[in-house]
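Student: Okay, sequence plus prediction incoming.
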Amino acid sequence: MAVIDTPVKTSASGSGRAPARAPRVRRGSRLWVRILVALLLVVEIYPLVWMFLTSLKSNDDYLNNSTWSLPTTWQWANYTEAWTTGHIGLYVQNSLLAVVPALALMLLLGTAAGFALQIMVWKGRSLTLLVFLAGMMVPPQMILLPLFTVYFQTGLSGTLWPLVLTYTGTGLPLTVFMMATYYRTVPRELFEAATIDGAGILRAFWTISVPLVRNALLTVGLVQFFFIWNDLLIALTFTNDQDLRTVQVGLLNFTGDFGATQYGPLFAAICINVFGTLLIYLFLNQKVMKGLTSGAVKG
């Protein structure tokens, strides 16, 4: 029997072996991945759709019909009632007045502390970093009563200053730890060159270090923003006046006329809160991803 001798294709290195083929991805595995992604999208998106549709229902529609049914009449006025009668606009304003100053102080002090702990050389900086890390282990519930006493004795009760100071103090340990981690990736040669050129500590901090960690600042700021914005315990403890309620406390005590809960305006207020913060995250999503990966690899 004759056998045809086919030549073997040699690779560029002349080894005589056929080039390895790239592994093929089975169609079945792709299908399962798509199904899994579709299920995850349903789990994530469907509650938002249900919440939005519920915000357009009347109170009788919500109580008498099925929970999963569509609104019989689309009550767009629920959003107006939530903003005016439900005072959700005032609650959003109070949250911004408490969150924005606390976030600014937190980022400023945390960035400066991270710069001092990682860039500057001084005795005891490792111990100081451990002290900041120990602050992350203190439960907020343990400090509420002492802080309430201090704020009452100093005359800060009845204002938003207790929220600003408490948010800054509780969020500072995590901010310092994260900023110190990001500063480890910054080349030390930049600061050495700045020192040779005559730059002082403050100039090196503002003109060199801050622009280099701006993605990290955005990431840490967004993470802390969601922590503070969604806080209920601290805001409920220190806001004893209805005009000082934040969004979360306002939603907890959201009632209509005669103390009855109006579910349509209530879900409308929840939608304003949820979709507002969701839009912020979607707008800054790419910046957050860059900030999360910038501190992972050194170089």
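Tutor: Cool, got the structure.

Student: Please, which helix or strand holds residue 31?
Tutor: helix 27-54 (DSSP states H and E).

Student: again with residue 122
Tutor: Going by DSSP H and E, residue 122 is not in any helix or strand.

Student: Same question for residue 138.
Tutor: Using DSSP H and E, no helix or strand contains residue 138.

Student: which residues touch it?
Tutor: Listed by CB atoms under 8 Å, 6 or more residues apart in numbering, residue 138 has no contact partners. No exception for glycine: its C-beta is placed from N, CA and C like everyone else's.

Student: Repeat that for residue 141.
Tutor: residue 233.

Student: Could you measure from it over to residue 282?
Tutor: 33 Å (CB to CB, to the nearest Å).

Student: Now the lengthiest helix in the chain: buried residues?
Tutor: Ranked by residue count and defined by DSSP state H, the top helix of the chain is helix 88-118. Residues 88, 90-92, 94-95, 98-99, 101-103, 105-107, 109-118 are the ones in helix 88-118 that count as buried (16 or more other CB atoms under 10 Å).

Student: isn't residue 132 right up against residue 114?
Tutor: No - counting by CB atoms under 8 Å, residue 132 does not reach residue 114; the two are 9.5 Å apart.

Student: intersection of neighbour lists for those two?
Tutor: Common neighbours of residue 132 and residue 114 (CB under 8 Å, 6+ apart) are residue 176.

Student: All the helices of the stretch 101-250 of the chain, in order from the start?
Tutor: Assigned by DSSP state H, counting those that start in this stretch, the stretch 101-250 of the chain shows helices spanning 125-135, 140-153, 161-183, 188-196, 201-204, 210-212, 214-229, 233-238, 247-252.

Student: Residue 62: which of those helices is closest?
Tutor: helix 247-252 (16.5 Å; CB to CB).
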